[in-house]
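A.B. asks: A predicted structure for the sequence below; I have some questions about it.
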Amino acid sequence: MVSLKITLLTLCKKTSDTLVFACTETHLTMKSILRSEDENGVQQCCMLCKLSDNNPDKYGEKITLRQQGVTVHYFCLLMSSGVYQRGEEDEGIHGFLVEDIKLEVRRSNRLKCGVCKKKGASVGCSIKSCRKTVHLPCGIKEEFVFQFTGLFPSFCKEHRPTQSQALLFPLSTPLSCTVCLDLIEPVLSYSVLKCPCCHSSWFHRDCVQQQAYSAAMFFFKCTICSNKEQFQEEMLRMGIHIPERDASWELEENAYVELLEVYQHCDALKCSCHGGRQYGARVGKWEIVRCKFCGSSGTHRKCSSLKLYEDKWACVDCRSAVNGDDALPRHLQSPQSGLKNERRSLKRLSSFRSSLVCKRSSMQASSPGEILRGLASQISLVQSIPVVIKGDEVFKAASRFLRHPNFTPYHGLAVRFTGDAQYPNNVSSENLHQFMRLVVNEIQNSTLFEGPENAKNLTLDSRALRDDLYFDAGCLLALSLVHGGPPPCFFSRALYRTLFHLPQDPPLTLQDLGNTQFAAKVKMIWNAESIEELKKAVLSASEYLEVAGCFQEVVSLSDKDMLVEDILNFHLVTRIHLPIQRLREGLKTLGLFDQFSDDEEKKIKETTTASFWRQYLLECEVGRCATSLEEVLIFATSVDVEPAVGFSPAPSVSFLHPVDSVDLLLQRQPEKNHLLLPVLPSYQLFKHHMDYAICHLTVVQEVSLSIS
């Protein structure tokens with residue numbers, strides 16, 4: 001047992017690059033193969049549940065193969081424990097072969113239903129140790145949970161999944177079902193469910209099932225918070241069937257005929273078209289360009305100074321919502337900077353056209369160099385923007401070409417130095433690299449940053465905010481990285497983690513402040529060895545502490561710990577919220593920030609999943625899981641004993657990140673002794689997926705042995 005545990009723990013030591021697992025689910029709603037009644041109009045009985053009812057919403061489509069003499073409800077077939085789709089979609093009944101169906105009928109005829117006590121119980125609880133079997137209709141009456149996802153498991157009343165009662169805030173009674181609006185008792189049960197996200201939406205099981213049938217997968221979401229992904233995942237776990245089709249209202253004939261008429265109206269503040277706001281030409285300056293986001297606003301090209309080749313335009317409401325400009329206080333925006341921000345906002349919208357940010361393949365390595373080369377592929381090799389550097393400061397010259405109306409980050413940069421014999425007076429790649437080096441160096445030594453050379457923090461400069469220099473700095477740093485310039489290695493640990501929304505682990509310390517004048521006052525507070533010294537140190541910094549909201553009377557020496565923690569959080573995080581926000585927006589140029597933010601988030605999730613894996617192995621060893629260490633080893637390597645010569649190749653694990661699937665299961669590659677662990681938000685969900693995958697393999701092997 002000890003050597004077995006060591007062998008399994010070695011799976012944690014080698015983690016390969018993230019792999020994408022694309023899982024395709026069975027389509028539940030398909031056209032009938034044949035009518036489910038004979039020539040005399042007599043209803044045929046399902047061979048599995050023995051009922052003749054034709055209720056597609058409850059039991060699935062009833063399908064009859066006359067030549068083979070087979071009639072089944074599709075849901076009865078899906079939930080049966082001993083039959084699997086071994087054929088193609090056009091073989092048998094949607095991949096279920098006729099001989100397999102008949103074998104399942106013979107198998108179920110030997111089993112007695114635990115509800116009606118009649119034989120033919122084809123549905124069994126998916127928990128390995130549970131022996132309860134039922135007909136599908138009897139299971140519905142007995143409050144079984146049938147999950148229409150993955151391998152379609154079933155769970156009896158004792159082992160069915162449940163929801164957590166823990167809430168973030170007290171309930172305000174009385175509550176009503178958010179679907180039917182009838183009163184509902186806020187007690188979780190089989191018939192009462194709630195949204196896992198907002199905890200405010202409660203509903204009857206029958207009501208949310210009817211909503212799922214109507215809205216289907218593309219429109220089914222929480223009625224309160226409108227969450228879709230987590231809500232659908234939770235409802236599938238609780239046994240709600242979500243059809244894979246368009247919503248019922250989408251299937252009505254000519255339901256949205258009026259939407260074929262496009263928006264034709266100029267909403268510019270001042271329309272200069274002689275034909276009026278309703279007039280729109282097919283091409284030219286009077287062509288109406290619609291908002292790329294909402295499509296419900298438009299403008300003539302001339303009214304918004306759009307070039308003839310520009311087809312990307314956003315209305316004021318969408319632009320502020322997407323870029324977060326409404327978060328910048330009005331008193332910090334001068335009329336001139338407001339116009340400049342508006343022009344730059346239009347340019348930043350173009351970064352949304354890149355699918356590289358959100359659809360980067362996990363099959364590929366994600367080293368910084370490869371990411372930057374991928375981003376650099378967006379740069380046009382034909383079109384370029386002239387950048388003329390005279391004797392003035394480089395950062396100011398760079399800010400000027402960022403503000404140019406024709407600037408776009410997707411064009412190349414043609415850099416030329418004038419009035420300086422040190423640099424050649426022609427356009428070359430050497431000039432571009434030198435320009436980027438000078439820009440990064442000047443940003444590092446500007447008033448935007450303070451602290452040691454290799455651990456700088458942002459400063460709060462009202463003039464820089466007014467001129468939006470933090471955005472300019474972020475945009476130029478992004479351009480430098482993508483165009484092959486030097487990296488910004490001068491960010492402090494605290495600034496880097498705040499910038500990418502990462503937890504401050506370990507917490508902030510005095511070293512994060514650097515050697516500034518303010519840091520000396522905070523160190524006096526921290527180094528105080530008596531209450532008198534502490535009071536004196538607090539008094540010397542009282543003006544700043546009052547502004548920061550940290551000033552408080554100290555009565556004991558231990559008060560300095562909490563005081564210093566509050567000061568560090570305010571000075572390094574809260575105080576620079578606006579500069580951080582604008583720097584982050586600038587770094588989003590060409591999708592740079594989002595790309596590296598995704599990588600950091602993945603690393604954190606994979607570290608958490610590795611801890612889940614170790615905890616799972618420990619619980620398997622002490623018998624707190626549905627599986628054992630031997631079954632885990634069999635699942636990973638297809639052998640139950642470690643070979644005398646050892647495993648070749650050595651066991652390893654990697655991680656599966658959800659892409660489109662709402663139900664990601666543990667996967668294996670036994671020929672490589674490799675496991676692909678699902679990246680899930682909680683240990684309970686991770687354990688559930690692990691148990692289900694390993695137990696299901698064991699059941700399949702047992703069924704195969706019994707059939708053979």
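C.D. replies: Happy to help now that I have it. Everything numeric here is computed off the predicted structure, so don't read it as measured data. Numbers count the residues shown, from 1 in each chain.

A.B. asks: What segments of the stretch 401-550 of the chain are helices?
C.D. replies: 429-444, 462-466, 469-482, 493-499, 517-526, 531-540, 542-548 (DSSP state H, counting those that start in this stretch).

A.B. asks: which helices and strands does the last one pack with?
C.D. replies: Read that as helix 542-548. Secondary-structure packing of helix 542-548 (3 or more Cβ pairs under 8 Å, 6 or more residues apart in numbering; DSSP states H and E): helix 559-569. Every residue, glycine included, has its C-beta placed from N, CA and C.

A.B. asks: What residues sit buried inside the helix it packs on?
C.D. replies: Of the residues in helix 559-569, 559-560, 563-564, 566-569 count as buried by neighbour count, 16 or more other Cβ atoms under 10 Å.

A.B. asks: Same check on stretch 462-477?
C.D. replies: Quick answer for stretch 462-477 (16+ other Cβ under 10 Å): 464-465, 467-477.

A.B. asks: Same question for stretch 253-270.
C.D. replies: Buried residues in stretch 253-270, counted by 16+ other Cβ under 10 Å: 265-268.

A.B. asks: Any idea how far apart the tips of it sit?
C.D. replies: 41 Å (Cα to Cα, to the nearest Å).

A.B. asks: Contacts for that stretch, please.
C.D. replies: With contact meaning Cβ atoms under 8 Å, 6 or more residues apart in numbering, stretch 253-270 is reached by 249, 273, 277-278, 280, 288, 290, 295-300, 303-304, 315.

A.B. asks: got it, and stretch 566-576?
C.D. replies: By Cβ under 8 Å, 6+ apart, stretch 566-576 touches 457-460, 494-495, 498, 504, 508-510, 512-513, 518, 522, 525, 545, 548-550.

A.B. asks: What distance do you get for M524 to Q504?
C.D. replies: 23 Å (Cβ to Cβ, to the nearest Å).

A.B. asks: meant to ask about V653, not that
C.D. replies: Using Cβ to Cβ, one obtains 29 Å as the distance from V653 to Q504.

A.B. asks: hmm, back to that, buried members of the contacts of stretch 566-576 into ChimeraX, please.
C.D. replies: Per 16+ other Cβ under 10 Å, the buried members of the contacts of stretch 566-576 correspond to this ChimeraX selection:
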select :457,458,459,494,495,498,504,508,512,513,522,525,545,548,550
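
A.B. asks: what would the helices of the stretch 401-550 of the chain look like in CSV with distance to I385 and mean pLDDT?
C.D. replies: Below are the helices of the stretch 401-550 of the chain laid out as CSV (distance: least, Cβ to Cβ, whole Å; pLDDT from 0 to 100):
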stretch, distance to I385, mean pLDDT
helix 429-444, 11, 85
helix 462-466, 24, 88
helix 469-482, 11, 88
helix 493-499, 27, 82
helix 517-526, 40, 82
helix 531-540, 51, 84
helix 542-548, 43, 79
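
A.B. asks: Can you say which of these is nearest to P405?
C.D. replies: helix 469-482 (15.6 Å; Cβ to Cβ).

A.B. asks: ok, A247 - contacts?
C.D. replies: A247 neighbours (Cβ under 8 Å, 6+ apart): 214-216, 218-219.

A.B. asks: Which member of these is positioned nearest I604?
C.D. replies: F218 (30.5 Å).

A.B. asks: So the closest one belongs to a helix, correct?
C.D. replies: Yes. Under DSSP: H, G, I helix; E, B strand; the rest coil, F218 falls within a helix.

A.B. asks: Tell me how many other residues crowd it.
C.D. replies: 14 (other Cβ atoms under 10 Å).

A.B. asks: Over to the one 4 residues further on?
C.D. replies: C222 sits with 23 neighbouring residues when counted by other Cβ under 10 Å.

A.B. asks: Could you list which residues are in contact with it?
C.D. replies: Contacts of C222 (Cβ under 8 Å, 6+ apart): 195, 197-198, 201, 228, 231.

A.B. asks: export the residues you listed to CSV and tack on distance to Q383?
C.D. replies: Formatted as CSV, these follow (distance: Cβ to Cβ, whole Å):
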residue, distance to Q383
C195, 49
C197, 45
C198, 47
S201, 50
K228, 39
F231, 45
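
A.B. asks: Please identify which of the helices of the stretch 401-550 of the chain is closest to D182.
C.D. replies: Here helix 493-499 is closest among the helices of the stretch 401-550 of the chain (Cβ to Cβ), at 47.4 Å.

A.B. asks: and the closest one, what other elements does it pack with?
C.D. replies: Going by 3+ Cβ pairs under 8 Å, 6+ apart, helix 493-499 lies up against strand 457-458, helix 577-587.

A.B. asks: Any idea how far the first one is from the middle of the chain?
C.D. replies: Here strand 457-458 shows a centroid-to-chain-centroid distance of 29 Å under the convention Cα atoms, centre = their mean, to the nearest Å.

A.B. asks: Would you mind measuring from R160 to Q147?
C.D. replies: Distance of R160 to Q147, given as Cβ to Cβ: 10 Å.

A.B. asks: for E642, that is, sorry about that
C.D. replies: 35 Å.

A.B. asks: can you pull the buried residues of stretch 480-491?
C.D. replies: Buried residues in stretch 480-491, counted by 16+ other Cβ under 10 Å: 480-483, 485, 488, 490-491.

A.B. asks: next one: stretch 69-88
C.D. replies: 70-85, 87.

A.B. asks: Between E642 and Q147, tell me which one has more neighbours.
C.D. replies: Counting neighbours by other Cβ under 10 Å for E642 and for Q147 shows that Q147 has the greater number, 22 against 16.

A.B. asks: didn't the more buried one look like it was pressed against G239?
C.D. replies: Yes. In this structure, Q147 is within contact of G239 by Cβ atoms under 8 Å, at 5.9 Å.

A.B. asks: ok, which pair from the contacts of stretch 253-270 is furthest apart?
C.D. replies: W249 and C273, at 37.5 Å, using Cβ to Cβ across these.

A.B. asks: Quick check on these two: which one has the bigger neighbour count.
C.D. replies: C273 (18 against 12).
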